[in-house]
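> build the 3D model from these lines:
(chains A, B, C and D)
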Number of protein chains: 2
Amino acid sequence: MSSNLEKESSAGRPRSEEAHRAILDATLQLLAEVGFSALTVEGVATRAGVGKATIYRRWPSKLPLVVEAFSQLPALEESDTGNLRDDLKKMLRSYLNLFNSTPLATVLPSLAGELAHNPELSELLNPVIRGRRQPLTRALERARDRGEIAEGIDLDIAADLVVGPIAVRLFFGGGPISPKIVGPIVDTALRGIQTSAV
Amino acid sequence: MSSNLEKESSAGRPRSEEAHRAILDATLQLLAEVGFSALTVEGVATRAGVGKATIYRRWPSKLPLVVEAFSQLPALEESDTGNLRDDLKKMLRSYLNLFNSTPLATVLPSLAGELAHNPELSELLNPVIRGRRQPLTRALERARDRGEIAEGIDLDIAADLVVGPIAVRLFFGGGPISPKIVGPIVDTALRGIQTSAV
DNA sequence: ATAAGAACGAAACGTATAGTATCGTAATAG
DNA sequence: CTATTACGATACTATACGTTTCGTTCTTAT
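Okay, here's the model as predicted:
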């Protein structure tokens, strides 16, 4: 039971690593192009240049396939400069850059829209999504320990305040998101909207 | 050409207002239950208790049907108390209440997820969505004119800062959103996260 | 060498469901 | 009362999904 999970049979053709990667890549591409509902195993097979049986041999359905493909996308990159403002800007900027180099920007809304109707996907994907925010949470906790956070601030709300504007633009903005907005967003979130005189 | 668009034929059975409403209601229900992609005209017809032809007689495809159904959902309710903090809390609280009394909470993520892949829907729906935020924009503009907004604050970012946390919870939170979080969100956004000493 | 075993890509199969067209019936205007 | 239009129901046709089957290719062990 505790032996190697990968190699169990002594003979026969081994599974192709190349096909594995091609399948996951094709899944991400199609997820970005057509969304979760319109994604079909047949489409993935064609795009990846493999037979459908090759996919069903590894994943029982498109659901775990999508979850594994999404899990391979890069997450927030940790930053610990000793200063909250710099940490936030650094993390958000590098994350926004991923929107250009990966299908993240289209995959995220697509999956989010599906979560509401698909409890099974929700159950599999929510832990993954939650884990990806940890670098942000940790940066805020470090700032709190350094005394950088004002009294009575809920860290969850603080995190949502920083991420929220980007999420709104991602979901409803339509166009690409410039990394230039990170500065104003973080500055505004840290300082507040109101005049200090109020 | 410039005559009445509604009544053009002098004889024959008039279109049923009841069927019209039933179709739009069924569309919203199904949109919330199964999402945009899985929504079918056939399903809407069954749920509404009408024939498919009755739907196709009025809308050429499910796309404009969905747009019209969504447009009927209530928008942000204007508030002008003379104080930004009160306006924001009032508007957001009443909007969150709509999440319980309408399918808004599930329809919004569902449509947002589709916008990324469906340019046609995007074109039809984005103006509608933008229009729904106007009460928020106007409240911020009034506050700016009263001098309540700090120097150098971008009003778009300010708006996103207030709406963002709710959007994040709506899309990724899973569960229901308590109106109790409106207070902390607005207070944090107005005052800022950081200690004033920094 | 060679036989056995497993995975490979391609393609055939059966099913489900979409959108369209057609039916007899019901409701309104002249 | 007759003409006209909308109504709900249903039959039709085509597409395309997930599943399974097929001959072939690759790897290991004898």
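> the domain parsing of chain A - what is it?
A:17-71, A:84-191 (automatic domain parsing).
> the longest helix along chain A packs against which elements?
Counting by DSSP state H, the longest helix found in chain A is helix A:17-38. Judged by 3 or more C-beta pairs under 8 Å, 6 or more residues apart in numbering or on different chains; DSSP states H and E, helix A:17-38 is in contact with helix A:41-48, helix A:52-56, helix A:62-71, helix A:104-115, helix B:104-115. C-beta here means a position set from N, CA and C on the backbone, and glycine is covered the same way.
> before we move on, back to that, and of the domains of chain A, who's closest to DNA strand C?
domain A:17-71 (2.6 Å; C-beta to the nearest atom of the strand).
> near DNA strand D, anything from that closest one?
Yes: using C-beta under 7 Å from any atom of the strand, domain A:17-71 reaches DNA strand D at A:40, A:41, A:42, A:43, A:51, A:52, A:53, A:56, A:61, A:62.
> can you tell if that domain touches DNA strand C?
Yes: in terms of C-beta under 7 Å from any atom of the strand, part of domain A:17-71 sits within range of DNA strand C, namely A:19, A:49, A:50, A:51, A:52, A:53, A:54, A:57, A:58.
> grab the nearest non-local neighbour of the second one.
Once its chain neighbours are removed from consideration, residue A:49 has its nearest residue in residue A:22; the separation is 6.3 Å (C-beta to C-beta, 6 or more residues apart in numbering or on different chains).
> the one you found: neighbour count?
Residue A:22: 18 surrounding residues under other C-beta atoms under 10 Å in any protein chain shown.
> look up phi and psi at residue A:149.
phi -100, psi 140 (degrees, to the nearest 10).
> circling back to that earlier point, tell me which two of the residues of domain A:17-71 next to DNA strand D sit farthest apart.
Across those, the longest distance by C-beta to C-beta is 16.6 Å; it joins A:51 and A:61.
> one step back: which one of the residues of domain A:17-71 next to DNA strand C is nearest residue B:173?
Distances from residue B:173 to these, taken by C-beta to C-beta, are shortest for residue A:58, at 31.8 Å.
> thought that closest one was touching residue A:21?
No: assessed by C-beta atoms under 8 Å, residue A:58 is found out of contact with residue A:21, at 11.8 Å.
> these two - which one has more neighbours?
With other C-beta under 10 Å as the criterion, residue A:58 and residue A:21 differ in neighbour count, and residue A:58 comes out ahead with 15 against 12.
> if I look at that one, how far off is chain B?
For residue A:58, the distance to chain B (C-beta to the nearest C-beta, to the nearest Å) stands at 25 Å.
> can I take it that that residue is in a helix?
No: judged by DSSP: H, G, I helix; E, B strand; the rest coil, residue A:58 forms no part of a helix; its state is coil.
> contacting residues for it?
Contact analysis of residue A:58 by C-beta atoms under 8 Å, 6 or more residues apart in numbering or on different chains lists A:15, A:20, A:23.
> neighbours of the second one, just the number please.
Just to be clear, that refers to residue A:20. Residue A:20 has 16 neighbours, counted by other C-beta under 10 Å.
> go on, the first one?
When counting by other C-beta under 10 Å, one arrives at 12 neighbours for residue A:15.
> tell me, what's the model's pLDDT at it?
On pLDDT, residue A:15 comes in at 87.
> with the second one instead?
Predicted confidence (pLDDT) for residue A:20: 95.
> need the contact list for it.
Taking C-beta under 8 Å, 6+ apart as the test, what residue A:20 contacts is residue A:58.
> next, residue A:77: phi, psi?
phi -90, psi 130.
> ok, the closest residue in space to it that isn't next to it in sequence to DNA strand D distance?
Counting by C-beta to C-beta, 6+ apart, residue A:94 is the residue found nearest to residue A:77 once chain neighbours are left out, at 5.0 Å. Here the criterion is C-beta to the nearest atom of the strand, to the nearest Å. By it, residue A:94 lies 35 Å from DNA strand D.
> pretty sure residue A:94 sits against residue A:74.
No: with contacts counted by C-beta under 8 Å, residue A:94 stays clear of residue A:74, the gap being 9.1 Å.
> that older thread, between the helix or strand hosting the residue nearest to residue A:77 and helix A:104-115, what angle do the directions make?
Using DSSP states H and E, residue A:94 sits within helix A:84-101. On the basis of axes from the mean of the first three to the mean of the last three C-alpha atoms, to 10 degrees, helix A:84-101 is oriented at 90 degrees to helix A:104-115.
> for helix A:84-101, packing partners?
So helix A:84-101, by 3+ C-beta pairs under 8 Å, 6+ apart, packs with helix A:134-145, helix A:155-172, helix A:182-191.
> distance to residue B:179 and mean neighbour count for those helices - can I get that in CSV?
CSV is the format used below for those (distance: least, C-beta to C-beta, whole Å; neighbours: other C-beta atoms under 10 Å in any protein chain shown):
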stretch, distance to residue B:179, mean neighbour count
helix A:134-145, 24, 17
helix A:155-172, 14, 23
helix A:182-191, 22, 21
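> can you redo the ones you listed as TSV with mean pLDDT and distance to residue A:85?
Shown next, in TSV, are the helices and strands packed on helix A:84-101 (pLDDT from 0 to 100; distance: least, C-beta to C-beta, whole Å):
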stretch	mean pLDDT	distance to residue A:85
helix A:134-145	97	9
helix A:155-172	97	11
helix A:182-191	97	6
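> same list (the ones you listed) but as JSON lines, adding distance to DNA strand D.
Shown next, in JSON lines, are the helices and strands packed on helix A:84-101 (distance: least, C-beta to the nearest atom of the strand, whole Å):
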{"stretch": "helix A:134-145", "distance to DNA strand D": "33"}
{"stretch": "helix A:155-172", "distance to DNA strand D": "26"}
{"stretch": "helix A:182-191", "distance to DNA strand D": "38"}
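> wait, which of those is closest to chain B?
When these are compared for distance to chain B using C-beta to the nearest C-beta, the nearest one is helix A:155-172, at 1.7 Å.
> out of everything not next to it in sequence, what's closest to residue A:76?
Nearest to residue A:76 is residue A:135, by C-beta to C-beta, 6+ apart, at 4.3 Å.
> ok, now which ones touch that neighbour?
Residue A:135 touches A:75, A:76, A:77, A:78, A:79, A:91, counting by C-beta under 8 Å, 6+ apart.
> alright, calling it a day.
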